[in-house]
Each structure stands twice: as structure tokens, then as C-alpha cells.
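**Q** missing the sequence, but the structure's below:
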């Protein structure tokens, strides 16, 4: 699904799009896509959600929405992502390191961990 909207004439732009009926075998479910896109995959159990989320060579970030704090902790232990947000997304603490997992980046940015590569102590 994509809304009708005008795009700039210059540059490379993509209409904000939601991809539905996505299967784990689809390329859009396996590769990192940057832009205003969302792939929707369904799951029946938390175990299945974790399995699908980890079934990719990437792991930049993840978000968990639930009313149960214990479920957030359970999933955070199992998800293979550089950052895992709970009931929010894209919120950063500048004192905390940020970085990907697997093929989603090397090293860390932000916080003490991100500065260590530039320091001689």
C-alpha cells in the first residue's frame, strides 16, 4: 500500500509504502531497506516472532511492543540486534553506544564505546 503523494523532481525518492502479505522467503523480509518502507510479517507466538526476526544476515535494530515487562526482557535476550527498543522506536541516549549486529555495521557509535577508537589513554 502506498499513498498518493508528490515526490521531488530531482534525486531518488520513494513513496512511503507498506508491504503486506510478506513471506520470510521474500527479499524484502531478508534485506535491510532504508527509507519510508515497512514489511509486515505475521506470527502466532513470541518464539516464532524471534525466529523470524533473527532469520536474516542483518541486525541493526529491533522494537518490541507489549504490555508485559517480562516479555520485553525475554525477547531482548533472544533478539540478535544492535539496539532493541521497548514500546518505542528510534529513541537514543547519547551516553549509550549504538551499533549493528551481524552484517549491520562494525563497532559502536556514541557513548564511551564510540569514543574509545579516537582516544589514546
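**A** It's in. Note that this is a predicted model, so its numbers are computed, not measured.

**Q** ok, and what's touching the worst-scoring helix or strand of the chain on mean pLDDT?
**A** Taking all helices and strands of the chain together, the one with the lowest average confidence (mean pLDDT, DSSP states H and E) is helix 111-115, at a mean of 79. Under the criterion Cβ atoms under 8 Å, 6 or more residues apart in numbering, residues 93, 94, 95, 96, 97, 98, 99, 107, 108 lie in contact with helix 111-115. For every residue, glycine as well, the C-beta is placed using N, CA and C.

**Q** between the residues you listed, which sits nearest residue 80?
**A** If you rank those by distance to residue 80 using Cβ to Cβ, residue 99 comes first, at 12.8 Å.

**Q** follow-up on the earlier one: in the contacts of helix 111-115, find the pair that's most separated.
**A** When Cβ to Cβ is used, the two most widely separated members of those are 93 and 107, lying 17.9 Å apart.

**Q** any idea how many residues pack against the closest residue to residue 75 other than its chain neighbours?
**A** Excluding the flanking residues, the one nearest residue 75 by Cβ to Cβ, 6 or more residues apart in numbering is residue 64, at 4.9 Å. Applying the criterion other Cβ atoms under 10 Å, we find 22 residues in the vicinity of residue 64.

**Q** same question, the one 4 residues further on
**A** For residue 68, the tally of surrounding residues (other Cβ under 10 Å) stands at 11.

**Q** before we move on, what about residue 98?
**A** Counted with other Cβ under 10 Å, the burial measure for residue 98 works out to 18 neighbours.

**Q** contacts only, for the residue most central in space within the chain.
**A** Within the chain, one residue has its C-alpha closest to the average C-alpha position: by Cα atoms, centre = their mean, that is residue 61, at 3.2 Å. With contact set as Cβ under 8 Å, 6+ apart, residue 61 has these partners: 81, 82, 83, 84, 85, 89, 90, 100.

**Q** do you know how far it is from residue 91?
**A** Computed as Cβ to Cβ, to the nearest Å, the residue 61 to residue 91 distance reads 11 Å.

**Q** which neighbours do the two share?
**A** Common contact partners of residue 61 and residue 91 (Cβ under 8 Å, 6+ apart): residue 85.

**Q** list of residues touching stretch 11-18?
**A** With Cβ under 8 Å, 6+ apart as the criterion, stretch 11-18 contacts 1, 2, 3, 5, 7, 35, 36, 37, 38, 40.
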